[in-house]
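1. next one to model:
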Amino acid sequence: MNQQSTINNRFTFGFYFQALTKMLSSPSRFFGELSGETGFRQPLCFLIVSGLFFAGASLTTISENQILMGGILLVNAVAMPFVTAGISFIVITMSMGKRVTFARLFSVYAYATGVTLLASWIPLFVWLTEPWKWILIIIGLVKGCDFRWMQAILVVAVSIFVAVLFFWSLGPVIVQMRGLMG
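-> Next up, the predicted model:
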């Protein structure tokens, strides 16, 4: 790896604000300009900074167990893009055979989620930010991963369906664990 690619993969707050500005002004251009050698560092750091803001801002609406809830919100904000990108990666590999690296796919999910986290802490904004996130992911799949529009829409729809089924199936397990603990 040469010095220039190392510098390009370094995360700075300047990069954060540039990426944020580009994502808000022209997400299709931002995803189209993503480096072909996308690593995990910049998207993950972008997601963590947005997650920290989200968790901190969310604490303004939470009155009990703020430290615990802040930690849970932060872990959830950072972990869910990994989970949903993983589900999408499996869907893409099993159904389309399309070759896209997990790092590139994760970067689409991380940037889309990171941008929407900045407004997601506001009560009831989830009804706006969640669809916005999935639209950004579709744009990212088309512009950043060379999917056709219908392919991207299908990948997102199937991924949402699988994720909902997965978490719905965890419901009885969580209820059982609460019963054992309480």
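
2. which strands and helices sit next to the top helix by length along the chain?
-> In the chain, with assignment by DSSP state H, the single longest helix is helix 149-181. Counting by 3 or more Cβ pairs under 8 Å, 6 or more residues apart in numbering; DSSP states H and E, the packing neighbours recorded for helix 149-181 are helix 66-91, helix 126-145. In short, each C-beta sits where N, CA and C put it, glycine included.

3. tell me which other helices or strands the longest one touches.
-> Put plainly, it is helix 66-91. Going by 3+ Cβ pairs under 8 Å, 6+ apart, helix 66-91 lies up against helix 41-58, helix 102-120, helix 149-181.

4. pick the most buried one from these.
-> Ranked by mean neighbour count, the helices and strands packed on helix 66-91 are led by helix 102-120 with a mean of 23 (mean count of other Cβ atoms under 10 Å).

5. ok, back up a step: most packed of the helices and strands packed on helix 149-181?
-> Neighbour counts (mean count of other Cβ under 10 Å) averaged over each of these peak at helix 126-145, with a mean of 19.

6. follow-up on the earlier one: now mean pLDDT and distance to S58 too, for the helices and strands packed on helix 149-181, in a markdown table please.
-> Listed next are the helices and strands packed on helix 149-181 as a markdown table, based on pLDDT from 0 to 100; distance: least, Cβ to Cβ, whole Å:
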| stretch | mean pLDDT | distance to S58 |
| --- | --- | --- |
| helix 66-91 | 94 | 5 |
| helix 126-145 | 95 | 11 |
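
7. out of those helices, flag the one nearest F11.
-> Ranking the helices and strands packed on helix 149-181 by their distance to F11 (criterion: Cβ to Cβ) puts helix 66-91 first, at 14.3 Å.
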